[in-house]
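Build me a model:
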Amino acid sequence: MSVISKKIRNSARGQQCQVRIPGVCNRNPETVVLAHVGKGSGMGQKCDDIHATYACSACHDVIDRRVAQGSANELTIYAYEGMIRTQKLLLEQELIQVAK
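Numbers count the residues shown, from 1 in each chain. Sure, this is the predicted structure:
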């Protein structure tokens, strides 16, 4: 069962792309969505919303492999670095918390 958060998904609106693939990123906050990184626990399932990044439409197409660009390893690094930056923003927005 995936953890879904409407607040986290909605928080992507108007944000800057955190994936930032050089020569791909359109830098348009109007196209940014919450893009899941990695695979879910079963076929056809997405991972939890915490394992996602703010991605512009162009970067999202590349990390989801709808557009061929770069190696799989390179794209995984961009996606996971974007996820780390997104998690920092989610902490700042108090949409996620770390137990003390």
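
Residues contacting stretch 59-75, please?
Stretch 59-75 is contacted by residues 17, 19-21, 24-26, 33, 35, 37, 55, 58, 78-79, 82 when judged by CB atoms under 8 Å, 6 or more residues apart in numbering. Quick note: C-beta positions are derived from backbone N, CA and C, even for glycine.

Flag the shaky bits of the protein, pLDDT-wise.
1-2, 39-45 (pLDDT under 70).

for it, what spans make up the helices?
Remark: helices assigned in the chain by DSSP state H are 6-10, 57-63, 72-92.

sorry, back to before: so how do I select the buried members of the contacts of stretch 59-75 in ChimeraX?
To isolate the buried ones among those in ChimeraX, judged by 16 or more other CB atoms under 10 Å, type:
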select :17,19,20,21,24,25,33,35,37,55,58,78,79,82
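
my guess is residue 32 contacts residue 9, does it?
No: with contacts counted by CB atoms under 8 Å, residue 32 stays clear of residue 9, the gap being 11.4 Å.

The two: who's more crowded?
residue 32 (25 against 13; other CB atoms under 10 Å).

What does the more buried one show for phi and psi?
phi -80, psi 130 (degrees, to the nearest 10).

Spit out the contact partners of it.
12-17, 54-57.

most surrounded residue in these?
If you count neighbours using other CB under 10 Å, the busiest of the contacts of residue 32 is residue 55, which has 32 neighbours.

Apart from its chain neighbours, what residue comes closest to that one?
residue 35 (3.8 Å; CB to CB, 6 or more residues apart in numbering).

My guess is the one you found contacts residue 52. True?
Yes: Residue 35 lies in contact with residue 52 (CB under 8 Å); the separation is 5.9 Å.
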